[in-house]
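Next input, structure requested:
(one chain, ligands or ions: 1)
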Amino acid sequence: MKKSKIIGIGSYLPEQIISNDDLAKILDTSDEWIQSRSGIKARHRAAEGETTSDLAFQAAQAALTHAKRTPDDIDLIIVATTTPDLTFPATAALVQKKLGIRHGAAFDVQAVCSGFVYGLSVASAMVETGQAKCALLIGAETMTRLLDMQDRATAVLFGDGAGAIVLEASEVGREDIDTASHVMGSYLRSDGALSDILYVDGGPSTTGTTGHLRMQGREVYRHAVGNISDAINTLLQRTDMSIEDVDWFVPHQANKRIIDGVAKKIGLPIEKTVVTIHQHANTSAASIPLALCEIVQQGKVKRGDIIMLEAMGGGLTWGANLLRW
Ligand code: ACO
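From the prediction side, this is the model:
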């Protein structure tokens with residue numbers, strides 16, 4: 001059987017760090033309010049002129065080095081982003097240009113904070129069906145560019161960054177399926193009826209402007225824990241696994257309270273839960289690969305570990321991926 005396997009991971013964070021106290025100088029807020037409501041202590045912010053494709057390119061290079069592959073090996077680039085450099089071409093095409101390759105395919109996935117989960121499902125399917133041999137999947141965002149700095153309820157919650165993985169086709173015999181490293185499954189959902197609780201109030205075919213992020217925080221919170229827990233339980237059922245089999249839970253870093261709520265509801269101990277929101281804030285589609293990269297670089301993840309990824313974001317979209325490292 002042809003399976004898709006993660007063979008490398010890398011990340012990139014812009015140099016500038018903005019603390020909660022820095023924000024309190026320009027907004028009516030406080031470190032205490034932000035930390036107690038969200039778990040966030042600081043976020044990175046892209047420099048003037050530094051774009052999403054710049055962040056994505058840096059993360060891609062780090063992932064390629066880790067995978068011991070070169071850009072020539074890549075025949076598919078997917079960028080999960082909600083903050084593209086331009087309306088078109090896709091940020092993935094700009095990354096392809098920066099990598100100096102002219103072969104293969106490149107496109108973006110737009111599922112907001114669930115972008116990496118959606119992208120992993122699509123990239124894995126393309127690798128498993130032979131449409132790609134070696135894929136780069138990048139979650140990259142400059143979320144700070146979408147913020148209305150007059151709106152303290154959203155301005156404090158987001159940051160910029162990028163994370164990338166290299167996925168490669170791997171032949172797995174039936175006898176090895178229970179031990180081989182591969183993406184075991186994905187489960188994706190959306191409900192467009194809830195599009196008005198988390199959205200950006202602009203776009204090319206409406207206002208002709210980029211717009212700003214708008215959120216009904218309490219409504220988002222209300223849907224998050226239930227939807228995410230449901231996605232995780234459904235995926236565990238479909239892959240014939242149980243919560244006890246999961247070694248690492250790598251959630252989208254939206255809010256520490258959502259992460260804790262989900263971990264409690266699905267019965268996963270907090271020691272197995274990866275939390276990076278205090279340093280990065282919510283980096284939308286970049287948050288999962290950034291968090292995964294951190295535990296890989298710290299040497300915490302062992303070959304054979306079972307890892308659950310999950311996210312919910314604007315759309316609403318939500319979903320989960322299960323993989324054996
Ligand atoms: N600093 C100080 N006070 C603030 C701030 C701030 N940054 N923002 C809002 N407040 C005030 C409000 O004005 C309000 O004051 P009032 O009572 O005088 O009117 C008070 O704090 C409470 O406001 P709420 O919006 O009700 O605050 P809440 O306790 O619900 O917390 C939060 C807001 C953190 C957004 C919460 O709703 C939440 O956790 N929502 C989940 C959504 C989320 O985290 N989204 C992340 C992005 S979406 C995603 O990735 C899935």
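
correct me, but residue 115 touches residue 285?
Yes. The criterion here is CB atoms under 8 Å, and residue 115 meets it with residue 285 at 3.2 Å. In short, each C-beta sits where N, CA and C put it, glycine included.

ok, the two, which is more surrounded?
Higher neighbour count among residue 115 and residue 285: residue 285, with 35 against 32, using other CB atoms under 10 Å.

For residue 120, see how far away that one is.
11 Å (CB to CB, to the nearest Å).

ok, now residue 165?
8 Å.

Residue of the stretch 201-325 of the chain closest to the ligand, please.
The ligand sits closest to residue 217 of the stretch 201-325 of the chain, with a gap of 2.7 Å, by CB to the nearest ligand atom.

So the closest residue in space to that residue that isn't next to it in sequence: helix, strand or coil?
Spatial nearest neighbour of residue 217, excluding adjacent residues (CB to CB, 6 or more residues apart in numbering): residue 153 at 6.1 Å. The three-state label given to residue 153 by DSSP: H, G, I helix; E, B strand; the rest coil is helix.

does the residue lying farthest from the centre of the chain sit in a helix, a strand or a coil?
Going by CA atoms, centre = their mean, the residue of the chain most distant from its centre is residue 175, 32.2 Å out. Going by three-state DSSP, the secondary structure assigned to residue 175 is helix.

Isn't residue 265 up against residue 229?
Yes. Residue 265 lies in contact with residue 229 (CB under 8 Å); the separation is 4.5 Å.

Which one of those two is surrounded by more residues?
Per other CB under 10 Å, whichever of residue 265 and residue 229 has more neighbours is residue 229, with 19 against 15.

what sits up against the helix or strand hosting that one?
If you go by DSSP states H and E, residue 229 is part of helix 217-238. Helix 217-238 is contacted by residues 153-154, 185-187, 189, 194, 197-198, 242-243, 245-246, 251, 254-255, 257-258, 261-262, 265-266, 308, 310-312, 316, 318-322 when judged by CB atoms under 8 Å, 6 or more residues apart in numbering.

Buried only: go through those residues for me.
The neighbour count (16 or more other CB atoms under 10 Å) marks 154, 185-187, 189, 194, 197-198, 246, 251, 254-255, 258, 261-262, 266, 308, 310-312, 316, 318-322 as buried among these.

which of these are close to the ligand?
Residues of the buried ones among the contacts of helix 217-238 in contact with the ligand (CB under 6 Å from any ligand atom): 198, 254, 255, 312.

Quick check: bridge partners of the first one?
With DSSP bridges applied, the residues forming beta bridges to residue 198 are residue 215.

That one and residue 191 touch, don't they?
No. Judged on CB under 8 Å, residue 198 makes no contact with residue 191 at a distance of 11.6 Å.

shared neighbours of those two, anything?
Shared contacts of residue 198 and residue 191, counting by CB under 8 Å, 6+ apart, come down to 315, 316.

need the strands for the chain, in chain order.
According to DSSP state E, the chain carries its strands in the segments 2-12, 16-19, 42-45, 76-80, 105-109, 134-142, 160-171, 182-190, 198-200, 213-215, 248-251, 306-313, 317-324.

any chance of the ones you listed in JSON lines, with mean pLDDT too?
Below are the strands of the chain laid out as JSON lines (pLDDT from 0 to 100):
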{"stretch": "strand 2-12", "mean pLDDT": "98"}
{"stretch": "strand 16-19", "mean pLDDT": "98"}
{"stretch": "strand 42-45", "mean pLDDT": "98"}
{"stretch": "strand 76-80", "mean pLDDT": "98"}
{"stretch": "strand 105-109", "mean pLDDT": "98"}
{"stretch": "strand 134-142", "mean pLDDT": "98"}
{"stretch": "strand 160-171", "mean pLDDT": "97"}
{"stretch": "strand 182-190", "mean pLDDT": "98"}
{"stretch": "strand 198-200", "mean pLDDT": "98"}
{"stretch": "strand 213-215", "mean pLDDT": "98"}
{"stretch": "strand 248-251", "mean pLDDT": "98"}
{"stretch": "strand 306-313", "mean pLDDT": "98"}
{"stretch": "strand 317-324", "mean pLDDT": "98"}
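
Residues of the stretch 151-300 of the chain that sit close to the ligand?
Going by CB under 6 Å from any ligand atom, the residues of the stretch 151-300 of the chain near the ligand are 152-153, 156-157, 198, 215, 217-218, 220-221, 224, 254-255, 257, 282.
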